[in-house]
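Engineer: missing the sequence, but the structure's below:
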Ligand code: SF4
Ligand code: SF4
C-alpha cells in the first residue's frame, strides 16, 4: 500500500508551469511517445496529484528516460506542459533522492 | 541495467561547476576551429558555438564506453567515479575521440562562418571565452547549477561587448534565446540561429546542387523554437529536392540522442527507427543538430549518407 503525501505536488511544483492537473487522461501522449513511455505523463502526473510519492520514486528510470522531445506535448489536446513537468520531477529527484 | 542515474548526473554537474564544461574539452581545443579565419575577438555581433559541435566527438567516445558499462558489473562503480572525478577529471580518460572526428565537427563550424561571411555579415567570435551553454544540465533538471553557469556565459558575452548572438545548433539556440531570459535579470541579447540569418539575408547560391535529401528536423528547432522553413528554403534554393520523412516538421521523430548519456541502448534503437523513416523518403539525409548528426550517422552506418546541413549549404553558397 502506498502512503499519501498531501503536500507532494507542492514539493514538486517549482512554478506555475507545472500544470499536471490539466491532463484529462486521454492517452494520446503515450500513443505517440517514441520511447514507448506508457507511464509518462498521464499516470506519473496523476500519482503526483494524488500525493503517491512512493509510486513516483519507484519509477525514476521512466522519468530520466524521457527525451524531452515534446512529441507528446505537440499532440496533447489539453495543453499540458509535459516536458516542463518532467524537468520539475527530475529537479525534485536530483535534490531529494540523489542529493545533488 | 541502466547506468546509475544520480552518479552519472553528479559527474556531469560537478564538471560544469568546477570546469565550466560537462566534458573535457579544453578552451584552446574548443577554439581551434576559428584558427585562420581572421575573426575579430568579440564585438557587437558574434558567432557563439556553445561548444556543442566541439563536444559531440567526446560524448560519442564516452557513450561507447558507457554502452559497454551499461550492461556490465562496472555500472556499480560509477558512484565511486564521481568521488574521484572531483579531484581528477575522469571523463578525460574515458573519452578521447579520434582526431579525424574532431576535425570533421570543427569543419561544420568553419562552414557556418564561411556562409555568414558570404552573406555579408560582420561578426566576431569569443575564442577561449566561448563557453558551453549548459543544455544537458538543463535537460537533467539541475537548475541551480545551471543558473550559476548561465550567469558566467552571459558575463563572458557582455565582457566582449556582444549584443547580437548567432548560434549554430538548436540546443544552444534554445538555451540563450528562451531559457536564459528567465534565469538572468535584465537579459538583453538578440539571438538568432545562423539558418535564420542566412534565410533572412536571402543569399543566392553560387553553384546549383541536385539530388534529393530527407530532412530530419531537430525536436528543439521544430517544437521549441518554431524554426521549420529556413532550412527547407535554403536547400530548395540551392536546387535540392527536399523530401519529408513520415514524421516531419512540428511532428518530427526524435533521434534518441537525449537519452544517450543515461540509456545508450534505448537511444540507439530510436536512431535506427528514424533512419528507416528517412531512408524511405530519400537516399541521403540532412540534419541540423550535432546530436542528431552523430546519432543518426552511427545508426545509418554505410546504409545511408547523412550530412550536416552546413555541408550542403557551403557547397552551394560559397564557391
Ligand atoms: S495527451 Fe495530454 S491530456 Fe492526454 S493523457 Fe497525455 S498529458 Fe493528459
Ligand atoms: S517528451 Fe518525448 S520521450 Fe518524453 S514522454 Fe513526451 S513523447 Fe515521450
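Structural biologist: Now that the structure is in, tell me what you want to look at. What you see is a predicted model, and the numbers here were worked out from it, not measured in a lab. Ligands and ions are numbered 1, 2, ... in the order given.

Engineer: Near ligand 2, which residues of chain A? Just list them.
Structural biologist: A:29, A:33-35, A:37, A:40, A:66-72, A:82-83 (Cβ under 6 Å from any ligand atom). All C-beta spots, glycine's among them, are computed from the backbone N, C-alpha and C.

Engineer: now, among these, which is nearest to ligand 1?
Structural biologist: Ligand 1 lies nearest to residue A:29 out of those, by Cβ to the nearest ligand atom, at 3.1 Å.

Engineer: show me the contacts for that closest one.
Structural biologist: Residues in contact with residue A:29 (Cβ atoms under 8 Å, 6 or more residues apart in numbering or on different chains) are A:40, A:41, A:42, A:72, A:73, A:75, A:76, A:80, A:82.

Engineer: And for residue B:183, the neighbour number?
Structural biologist: For residue B:183, the count of nearby residues is 18 (other Cβ atoms under 10 Å in any protein chain shown).

Engineer: Residue B:150 is in contact with that one, correct?
Structural biologist: Yes. Using Cβ atoms under 8 Å, residue B:183 is in contact with residue B:150, at 4.7 Å.

Engineer: Which strands and helices lie in contact with the longest helix seen in chain A?
Structural biologist: Longest helix in chain A, counting residues (DSSP state H): helix A:82-96. Using 3 or more Cβ pairs under 8 Å, 6 or more residues apart in numbering or on different chains; DSSP states H and E, the elements in contact with helix A:82-96 are helix A:8-12, helix A:42-50, helix A:60-65, helix A:71-75.

Engineer: Where does the prediction get shaky in the chain?
Structural biologist: Chain wasn't specified; assuming chain A. Within chain A, the stretches with pLDDT under 70 are A:1, A:15-16, A:39.

Engineer: that's the other chain; I wanted chain B
Structural biologist: Looking at chain B by pLDDT under 70, you get B:1-4, B:6, B:12, B:15-24, B:62-97, B:261, B:319.

Engineer: Would you mind listing what in it touches chain A?
Structural biologist: Remark: the part of chain B in contact with chain A comprises B:2, B:5-7, B:9-10, B:13, B:138-143, B:219, B:223-224, B:250-254, B:256-259, B:262-263, B:266, B:270, B:273, using Cβ under 8 Å from any Cβ of the partner chain.

Engineer: Just the buried ones from those, in PyMOL syntax?
Structural biologist: The PyMOL selection below is limited to those of the residues of chain B next to chain A classed as buried (16 or more other Cβ atoms under 10 Å in any protein chain shown):
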select buried, chain B and resi 2+5+6+7+9+10+13+138+139+140+141+142+143+219+223+224+252+253+254+256+257+258+259+262+263+266+270+273
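
Engineer: from the stretch 51-200 of chain B, which residue is nearest to chain A?
Structural biologist: Closest to chain A within the stretch 51-200 of chain B is residue B:141: 2.9 Å, counting by Cβ to the nearest Cβ.

Engineer: residues contacting the closest residue to ligand 1 within the stretch 101-250 of chain B?
Structural biologist: For the stretch 101-250 of chain B and ligand 1, the shortest gap (Cβ to the nearest ligand atom) falls at residue B:223, measuring 14.5 Å. The contact partners of residue B:223, by Cβ under 8 Å, 6+ apart, come to A:69, A:70, A:71, A:73, A:74, B:250, B:252.

Engineer: returning to what we had before: would you reformat the helices and strands packed on helix A:82-96 as CSV and include distance to chain B?
Structural biologist: Output for the helices and strands packed on helix A:82-96, formatted as CSV (distance: least, Cβ to the nearest Cβ, whole Å):
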stretch, distance to chain B
helix A:8-12, 11
helix A:42-50, 14
helix A:60-65, 5
helix A:71-75, 6
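
Engineer: Need those in TSV (columns: mean neighbour count).
Structural biologist: Converted to TSV, those look like this (neighbours: other Cβ atoms under 10 Å in any protein chain shown):
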stretch	mean neighbour count
helix A:8-12	17
helix A:42-50	20
helix A:60-65	20
helix A:71-75	20
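
Engineer: helices and strands around the helix or strand containing residue B:295, which ones?
Structural biologist: For residue B:295, the element it lies in under DSSP states H and E is helix B:290-300. Contact analysis of helix B:290-300 by 3+ Cβ pairs under 8 Å, 6+ apart lists helix B:52-70, helix B:264-281, strand B:284-287, strand B:305-308 as its packing neighbours.

Engineer: who touches that helix?
Structural biologist: The contact list for helix B:290-300, computed with Cβ under 8 Å, 6+ apart, reads B:52-53, B:56-57, B:59-60, B:105, B:108, B:169, B:171, B:216, B:218, B:255-258, B:260, B:267-268, B:270-272, B:274-275, B:278-279, B:285, B:287, B:306, B:308.

Engineer: what about 7 Å?
Structural biologist: Applying Cβ atoms under 7 Å, 6 or more residues apart in numbering or on different chains, the contact partners of helix B:290-300 are B:52-53, B:56, B:60, B:105, B:169, B:216, B:218, B:255-257, B:260, B:267-268, B:271-272, B:274-275, B:285, B:287, B:306, B:308.
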